[in-house]
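> Here is a sequence with its predicted model. Questions after.
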Amino acid sequence: MSARELAIRLLYQIEVGEAYSNTTLDKELRKSDLSKEDKALASQIVYGVLTWKLTIDEIIKRYSNIRLKKISNWILNILRIAIYQIVWLDKIPISAAVNESVKLSKKYGHEASVRFTNAILRKIEKEELQKLLKYLKEKNLNQNEIISIMTSHPLWLVGELLKQYDVNFVKSLLEANNEVPPITIRVNTLKATREELLEQKLVTGKAGNLPDSIIAEKISDFDSPYYVVQDEGAQLACLMLEVNDGDIVLDACSAPGGKTTYLAQQMHNKGHIDAWDIHEHRIKLVKEAAQKLGVSIIDASMQDATIYQDEKFEKYDKVLLDVPCSGLGVIRKKPEIKWSRKPEDISELTTIQQKILENCSKYLKNGGTLVYSTCTILKDENEEQIAKFLENHNEFKLVDEKKLYPHIDNTDGFYIAKLRKN
């Protein structure tokens, strides 16, 4: 199987099977016997197509006399991977991209599909983006539609962001969403210091902006007990909780365990952390993360944080609520979120967030600290959620609030609110 064939199979799994790109890629690349270079190409094509899918589809529409919905998923993805290579990648000859895709159309389509694929791809040029922008302006599309198509983000999301931020901010944010993010790791200080990892060349990179973060150039061992991949936004949420040795802590939405284990790290593995998640298989991930990093103070169990438990009233010194959210701050890492999220998801999520915040705030001792965090950039899930909570709870005070954005901070889009119970 070639790199391009693997790419269309992965795209099919992600689109039809609604799988996450990062986990699907990792699983399939581990099984594949392709060379390192071909695996890298397959990965680049998959992420590239998922990132630019809307723009690519607009290019296809210009040259196709068949509506996109009438084209089979296999042939559509064959066209997409070829157009991505021609327009966005400089090192691949156009002939290689076209010929390989025509070959794939013979395998995954019929004779008419082959003619159709060949006819479309013979018209594609390197300058398709400039041609597309000119075409859109000639059609007199409005600003939102042009931004949506040229940055490859759904129209509803562009409209929502423009209600909350100015147009230049939104354009910069969406452009940053299409860039490859840095690989950020968190040092496991229970086993080593950042300086030791860098000096001993266990990691190639440079010190990050936070005490235990490293911006890695490459990672050879993803199973190392000396570090974990974790964005600085997630690390900051843990740091803002300011846990101490011996604290009794609740991490109410803990899976897969990155933040939970960082809290344990900051507590020098002294105290107790209750780690909850609603799914049994995700609780397993928390336990595995703790075991790998040498953490023994985490008690991970399946619990629903939206259901109040009276016996937990004022039990905890600190509470971390990294609540379920739309995930629109991590589009750089999971570009398929752009296409799977729908406007109606937001109201459902804000209801869940509100229930978790309301219930878990009662579990905090007087004088305790609660951190509410999300990996989204929508104010409905962030500032507005906290403002509503504070209106109804004068026993809580907003101590600190941080907002991180890909185009400003080069992190995931992240929101963190630190509350104290008076």
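The structure has been received and is ready for your questions. Numbering: from 1, shown residues only.
> okay, CA-based contacts and neighbour counts for the rest of this
Fine.
> Now do the contacts for Asp322.
Each residue near Asp322 by Cα atoms under 8 Å, 6 or more residues apart in numbering is listed here: Asp251, Ala252, Cys253, Ser254, Val371, Tyr372, Ser373, Thr374.
> Please tell me how far Ser301 sits from Ile273.
Going from Ser301 to Ile273 by Cα to Cα, to the nearest Å gives 11 Å.
> so what are the domain limits for this structure?
When the chain is parsed with automatic domain parsing, its domains come out as 3-140, 151-178, 181-229, 231-421.
> Quick one: the ones you listed as TSV, columns for mean pLDDT too.
Shown next, in TSV, are the domains of the chain (pLDDT from 0 to 100):
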stretch	mean pLDDT
domain 3-140	90
domain 151-178	97
domain 181-229	92
domain 231-421	97
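> so which of the ones you listed is the most packed in?
domain 231-421 (a mean of 20; mean count of other Cα atoms under 10 Å).
> how far is that domain from where the chain is centred?
For domain 231-421, the distance from its own C-alpha centre to the chain's C-alpha centre is 16 Å (Cα atoms, centre = their mean, to the nearest Å).
> one step back: what do Ser301 and Ile273 both touch?
Shared contacts of Ser301 and Ile273 (Cα under 8 Å, 6+ apart): none.
> so where do the strands sit in the protein?
For the chain, strands defined by DSSP state E occupy the ranges 183-187, 204-207, 213-218, 227-229, 248-251, 272-277, 298-302, 316-322, 364-374, 396-404, 414-421.
> could I get those strands as a markdown table with distance to Tyr84?
Formatted as a markdown table, those follow (distance: least, Cα to Cα, whole Å):
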| stretch | distance to Tyr84 |
| --- | --- |
| strand 183-187 | 23 |
| strand 204-207 | 30 |
| strand 213-218 | 25 |
| strand 227-229 | 28 |
| strand 248-251 | 41 |
| strand 272-277 | 39 |
| strand 298-302 | 43 |
| strand 316-322 | 35 |
| strand 364-374 | 32 |
| strand 396-404 | 30 |
| strand 414-421 | 29 |
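> Out of those, which is closest to Lys334?
strand 183-187 (13.6 Å; Cα to Cα).
> I'd like the distance from the closest one to the chain centre, please.
Centre-to-centre, strand 183-187 and its host chain are 15 Å apart (Cα atoms, centre = their mean).
> Partner strands of it and their direction?
In the sheet, strand 183-187 lines up against strand 213-218 (antiparallel), strand 227-229 (antiparallel) (DSSP bridges).
> Any chance you could list what contacts it?
By Cα under 8 Å, 6+ apart, strand 183-187 touches 193-194, 197, 208, 212-218, 226-232, 235.
> give me that answer again for 10 Å
With Cα atoms under 10 Å, 6 or more residues apart in numbering as the contact definition, strand 183-187 has outside contacts at 193-197, 203, 205-208, 210-219, 225-232, 234-235, 258, 262, 265, 333, 411.
> Any chance of TSV for the strands paired with strand 183-187, columns distance to Lys355?
Shown next, in TSV, are the strands paired with strand 183-187 (distance: least, Cα to Cα, whole Å):
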stretch	distance to Lys355
strand 213-218	32
strand 227-229	30
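> Quick one: list the elements packing against the lengthiest helix in the chain.
Across the chain, the helix with the greatest residue count (assigned by DSSP state H) is helix 36-63. Judged by 3 or more Cα pairs under 10 Å, 6 or more residues apart in numbering; DSSP states H and E, helix 36-63 is in contact with helix 3-16, helix 21-31, helix 73-88, helix 111-121, helix 128-138, helix 143-151, helix 337-340.
> Out of those helices, which gets nearest to Glu288?
Closest to Glu288 of those, according to Cα to Cα: helix 21-31, at 16.5 Å.
> for that closest one, packing partners?
Using 3+ Cα pairs under 10 Å, 6+ apart, helix 21-31 is in contact with helix 3-16, helix 36-63.
> re the thing from before, quick one: closest of the strands paired with strand 183-187 to Val295.
Nearest of the strands paired with strand 183-187 to Val295, taken as Cα to Cα: strand 227-229 at 12.8 Å.
> Any idea how far that closest one is from the middle of the chain?
Relative to the centre of its chain, strand 227-229 is centred 16 Å away, using Cα atoms, centre = their mean.
> quick one: contacts of it?
Strand 227-229 is contacted from outside by 183-194, 197, 202-203, 212-216, 219, 221-223, 258, 261-262, 289, 292-293, using Cα under 10 Å, 6+ apart.
> Disregarding flanking residues, what is the spatial nearest neighbour of the residue nearest the centre of the chain?
Closest residue to the average C-alpha location of the chain: Val330 at 3.0 Å, with Cα atoms, centre = their mean. In this structure, Val330 finds its nearest non-sequential neighbour in Asp412, 5.3 Å apart by Cα to Cα, 6 or more residues apart in numbering.
> How about Gly329?
Of all residues not flanking Gly329 in the chain, Gly413 sits nearest, at 3.7 Å (Cα to Cα, 6+ apart).
> from what I can see that neighbour touches Leu404, true?
Yes. Counting by Cα atoms under 10 Å, Gly413 does reach Leu404; the two are 5.3 Å apart.
> Mutual contacts of the two, please.
Here Gly413 and Leu404 share the contacting residues Gly233, Gly329, Cys375, Thr376, Ile377, scored by Cα under 10 Å, 6+ apart.
> quick one: contacts for the residue lying farthest from the centre of the chain?
Here the centre of the chain is the reference, and by Cα atoms, centre = their mean the most remote residue is Glu111, at 39.1 Å. Glu111 is in contact with Ser105, counting by Cα under 10 Å, 6+ apart.
> Quick check: it vs Lys103, distance?
Separation of Glu111 from Lys103 (Cα to Cα): 11 Å.
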